[in-house]
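In: What follows is a protein structure lacking sequence information:
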């Protein structure tokens, strides 16, 4: 069985927001709600300045703190390693929002359900890629099976020495090239 993950190459990200917009459309989110946030980091000294754009979303952590704090077990991890929320079980208590070290959750203002990136699990089940990956104009995102050493994502992580955004917070399934 696959264990899904992603690699994001921030050296390629141009901050066009195509991933964010496609995610919003795929998940039918209102304009003000998004599962992908962008952070900018400026480094260097003038005139040698670089601007890094860092897209951040749910990291689908191996031992996700949001799962362990959910009192109704609405947040759970699938056999493929995707962290999901069962909207029927979610009571909107926001414990998972507080537990998420990445601030990757949002609460639907109409339903009260806490939502987040699902790695487009409905598309992945059909053998497709997440919307954010297929719309990335600079091919900064690669998605696939982390347990398959021959998968494109696994080879890219090794070749580019990609690392989790915050390795001190536990094992995430999104790796970054910075």
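Out: Here it is on my side, so go on. As the structure is a prediction and not an experimental result, all values here were calculated from the model.

In: Where do the helices of this structure begin and end?
Out: Secondary structure of the chain by DSSP state H: the helices cover 18-26, 65-69, 95-99, 121-125, 131-134, 152-159.

In: Flag every buried residue along the second one.
Out: Spelled out, that is helix 65-69. In terms of neighbour count (16 or more other Cβ atoms under 10 Å), helix 65-69 has its buried residues at 65-67, 69. In this view, the C-beta of every residue, glycine as well, is placed from N, C-alpha and C.

In: Dump these into CSV; add distance to residue 22 and pLDDT as well.
Out: Shown next, in CSV, are the buried residues of helix 65-69 (distance: Cβ to Cβ, whole Å; pLDDT from 0 to 100):
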residue, distance to residue 22, pLDDT
65, 28, 97
66, 24, 98
67, 26, 98
69, 30, 98
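
In: from those, which is closest to residue 80?
Out: Nearest to residue 80 among the buried residues of helix 65-69, counting by Cβ to Cβ, is residue 67 at 14.5 Å.

In: Pull the contacting residues for the residue nearest to residue 20 when sequence neighbours are not counted.
Out: Across the structure, with Cβ to Cβ, 6 or more residues apart in numbering as the measure, the residue nearest residue 20 apart from its sequence neighbours is residue 36 (4.4 Å). With Cβ atoms under 8 Å, 6 or more residues apart in numbering as the criterion, the residues that contact residue 36 are 19-20, 23, 55-57, 117, 132.

In: Nearest to residue 101 among these?
Out: Distance from residue 101 was checked for each of the contacts of residue 36 by Cβ to Cβ. The minimum falls on residue 56, at 10.7 Å.

In: What residues does residue 76 make contact with?
Out: Neighbours of residue 76 in contact, by Cβ under 8 Å, 6+ apart: 67, 70, 83-84, 86.
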